[in-house]
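**Student:** Okay, sequence plus prediction incoming.
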Amino acid sequence: MLKDLFTVVVGPVVVGVIIELIKRWLDALDDD
């Protein structure tokens, strides 16, 4: 139960962070 709650709360946050990192990485590539 607690693990499921953890997944529901942390999952979207992790995905958001990954997307943000990818955006920054792509922006860095575009700067070259």
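**Tutor:** In hand now; what should we look at?

**Student:** So what's the gap between stretch 5-15 and the chain middle?
**Tutor:** From the chain centre to the centre of stretch 5-15 is a distance of 10 Å (Cα atoms, centre = their mean, to the nearest Å).

**Student:** CA-only coordinates of it, as CSV, when you get a sec.
**Tutor:** Extracted as CSV, the C-alpha positions of stretch 5-15 are listed here (Å, rounded to 0.1, in the frame of the first residue of the first chain):
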residue,chain,number,x,y,z
LEU,A,5,1.4,5.5,-2.8
PHE,A,6,5.1,6.2,-3.1
THR,A,7,5.0,5.2,-6.8
VAL,A,8,1.9,7.5,-7.5
VAL,A,9,3.5,10.5,-5.8
VAL,A,10,7.1,10.1,-6.9
GLY,A,11,6.5,8.7,-10.4
PRO,A,12,5.2,11.9,-12.0
VAL,A,13,8.0,13.9,-10.3
VAL,A,14,10.7,11.6,-11.7
VAL,A,15,9.2,11.8,-15.2
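
**Student:** okay, now Glu20: neighbour count?
**Tutor:** For Glu20, the neighbour count with other Cβ atoms under 10 Å is 10. Glycine gets a C-beta too; all of them are placed from N, C-alpha and C.

**Student:** Distance of Phe6 relative to Val14?
**Tutor:** For Phe6, the distance to Val14 equals 11 Å [Cβ to Cβ, to the nearest Å].

**Student:** ditto for Lys23
**Tutor:** As judged by Cβ to Cβ, Lys23 and Val14 stand 15 Å apart.

**Student:** same check, this time on Asp30
**Tutor:** Counting by Cβ to Cβ, the gap from Asp30 to Val14 is 25 Å.

**Student:** again, but for Asp4
**Tutor:** Asp4 is 15 Å from Val14, by Cβ to Cβ.
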